[in-house]
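Visitor: Here you go, sequence then predicted model.
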Amino acid sequence: MAKYDYDLFVIGAGSGGVRAARLAAMSGARVAIAEEHRVGGTCVIRGCVPKKFMVYASEFAHNAGIAEGYGWSASGATFDWKKFLEAKDREIARLSGIYVTNLSNAGAEVVHAKARLKDAHTVELEGKGTYTAEKVLIATGGRPWKPTDFEGAEHIITSEEAFHLPELPKRVLIAGGGYIAVEFAGIFNGLGVDTTLVYRGANILRGFDDNIRAHVAEEMKKRGIKVVLGCQHERIEKTAAGYVSHMSSGSAIETDLVMFATGRRPYTDGLGLEKAGVKLNEAGAVAVDKFSKSSADNIWAVGDVTDRINLTPVAIREGAAFAQTEFYGNPTSFDHDMVASAVFSQPPVGSVGLSEADARHQHGKLDIYLSKFRTMKTTFYGGEERCMIKLVVDADSQKILGCHVVGPDAPEIIQMAAIALKMGVTKAQWDSTCAVHPTLAEELVTMREKYVPQELGAAA
Ligand code: NDP
């Protein structure tokens with residue numbers, strides 16, 4: 001008789017947990033996976049997937065304006081928020097169902113309950129008893145974080161609630177300058193909501209290349225989003241008409257909805273990790289080695305709960321690497337270098353590798369190529385939106401260290417660029433690739449003139 005009830009118990013059925021559970025079960029292991037909410041996790045239920053539907057929904061008004069320039073008459077179009085929500089929720093339910101089916105087909109047992117560790121090998125399922133497992137995988141993801149230490153903080157919503165608003169507000173105030181703030185500012189604005197984004201720093205999207213950050217902010221403003229920088233909420237007052245947010249600058253902004261997108265934190269509450277000998281790092285994330293193993297010998301963790309790179313495809317690859325290592329006898333660690341990412345702002349951003357500032361810090365002398373232009377589609381209808389493409393190249397080795405794109409389809413373009421950068425492409429190899437015409441992306445392989453940042457002048 002087996003020593004444990006299961007070979008693997010996975011806590012959390014999001015992207016990382018589901019991939020690990022499926023692969024482990026397909027190897028013949030006895031696998032259970034517990035989920036306290038809905039199978040699919042942040043990405044499918046309250047993140048990437050519904051967000052992308054909202055981005056699509058919000059782009060139509062802008063596109064209708066463009067359509068007029070192309071001879072269409074698109075006046076009189078209206079948007080029904082409730083109808084959209086119903087369609088979105090149907091699709092999310094369908095996708096969540098597919099996840100459950102795939103897990104079951106692989107032979108994994110799906111348990112709908114909150115799980116907590118009683119010790120390193122014992123998992124207690126709320127209302128459903130206690131089970132033992134030889135190995136445990138923590139894949140509980142993260143949760144939105146918002147400050148609670150100022151007056152009126154109880155009025156704030158996060159992205160979780162934004163997916164289920166009973167009504168679209170007329171005005172929204174978004175705090176934060178990261179992925180979620182910028183993406184939701186575009187969504188609300190596109191849906192006709194009077195949108196203000198308030199960020200405490202000098203420019204949005206900290207961590208991205210500075211030219212890209214400035215360009216995205218500029219383009220967001222062109223679309224009608226008010227971007228308020230260097231400012232914080234100090235007090236939120238409920239009024240008869242909605243809310244008034246009193247800012248650190250002394251100004252007050254009236255709004256109907258205040259949404260904070262001020263980061264996410266690893267979700268470890270009530271998991272009993274201390275009882276199992278699992279240590280957290282300073283950020284409150286499960287500390288793991290390159291094989292995603294925690295401080296407990298039989299416990300691993302993947303995805304946002306480890307706070308490495310908090311992206312769905314990364315969690316999937318970490319989950320797959322764990323399964324390969326532990327259930328297929330093939331020690332595998334995921335390489336976190338050159339992971340591309342996209343911000344589904346409007347216009348969107350695609351980025352892989354180093355920003356100019358980080359590259360300068362790490363590599364010294366660089367060759368920079370930068371192009372800012374209107375696409376054919378935009379010039380035809382007389383639009384003002386501009387794309388930006390930037391390449392950061394190591395001056396000595398000529399390796400491309402970073403590629404950054406702002407413009408339509410930037411997320412699609414960057415996926416391809418990421419392959420070349422991951423392979424260590426040089427600028428000469430990159431340029432030997434023939435352009436595809438007429439496209440936005442052709443500009444990537446036709447930039448010959450080096451860009452000299454103003455602050456470096458002739459010294460660059
Ligand atoms: P981010 O970490 O990207 O951004 C958080 C923002 O909140 C920053 O601008 C930060 O400012 C600001 N902030 C933090 N604390 C405070 C505070 N106390 N007061 C005011 N502002 C504050 O988090 P998000 O919530 O946007 O997203 C979480 C993560 O989810 C992302 O980092 C990303 O990994 C992932 N994600 C990925 C997406 C994608 O791939 N397209 C989409 C959505 C999320 P500062 O910069 O000054 O620290």
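Guide: That came through, no problem.

Visitor: Neighbours of the residue of the chain found nearest the ligand, how many?
Guide: As assessed by C-beta to the nearest ligand atom, the ligand sits closest to Gly178 within the chain, at 2.0 Å. (Glycine included, C-beta is placed from N, CA and C.) Residues contacting Gly178 under the criterion other C-beta atoms under 10 Å number 18.

Visitor: cool, the one 5 residues further on as well?
Guide: Around Glu183 there are 25 other residues, counting by other C-beta under 10 Å.

Visitor: go on, the one 5 residues further on?
Guide: For Phe188, the neighbour count with other C-beta under 10 Å is 27.

Visitor: Return the residues of this protein in contact with the ligand.
Guide: Within the chain, the positions adjacent to the ligand are 147, 175-181, 183, 199-201, 206, 232, 261-264, 310-311, 341-344 by C-beta under 6 Å from any ligand atom.

Visitor: What about the residues you listed, which are in helices?
Guide: Using DSSP state H, the subset of these located in helices is Tyr179, Ile180, Ala181, Glu183.

Visitor: Leu197 is in contact with the third one, correct?
Guide: Yes. Under the criterion of C-beta atoms under 8 Å, Ala181 is in contact with Leu197, at a separation of 6.0 Å.

Visitor: Need the overlap of contacts for those two.
Guide: Ile174, Ala175, Ile204 (C-beta atoms under 8 Å, 6 or more residues apart in numbering).

Visitor: Need these in CSV (columns: distance to Glu254 and neighbour count).
Guide: Converted to CSV, these look like this (distance: C-beta to C-beta, whole Å; neighbours: other C-beta atoms under 10 Å):
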residue, distance to Glu254, neighbour count
Ile174, 15, 29
Ala175, 15, 24
Ile204, 22, 23
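
Visitor: Give the buried residues for the longest strand belonging to the chain.
Guide: Counting by DSSP state E, the longest strand found in the chain is strand 129-138. Residues of strand 129-138 classed as buried: Tyr131, Thr132, Ala133, Glu134, Lys135, Val136, Leu137, Ile138 (neighbour count, 16 or more other C-beta atoms under 10 Å).

Visitor: Who's the closest spatial neighbour of the third one, skipping the chain neighbours?
Guide: Meaning Ala133. With sequence-adjacent residues excluded and distances taken as C-beta to C-beta, 6 or more residues apart in numbering, Ala133 is closest to Phe9, at 3.6 Å.

Visitor: In three-state terms, how would the one you found be classified?
Guide: Secondary structure, DSSP: H, G, I helix; E, B strand; the rest coil: Phe9 is strand.

Visitor: ok, it - contacts?
Guide: Val31, Ala32, Ile33, Ala34, Ala115, Val123, Tyr131, Ala133, Lys135, Val136, Leu137.

Visitor: Which strand residues bridge the fifth one?
Guide: For Ala115, the residues forming beta bridges with it (DSSP bridges) are Leu125.

Visitor: burial measure for it, as a count.
Guide: By the criterion of other C-beta under 10 Å, Ala115 has 26 neighbours.

Visitor: need the strands for the stretch 51-200 of the chain, in chain order.
Guide: For the stretch 51-200 of the chain, the strands defined by DSSP state E, counting those that start in this stretch cover 109-112, 115-119, 122-125, 129-138, 142-144, 171-175, 194-199.

Visitor: which helix in this structure runs the most residues?
Guide: helix 81-106.

Visitor: Can you give me the distance of Cys48 to Thr42?
Guide: Per C-beta to C-beta, to the nearest Å, Cys48 is found 8 Å from Thr42.

Visitor: These two: which has the busier surroundings?
Guide: Thr42 (26 against 19).
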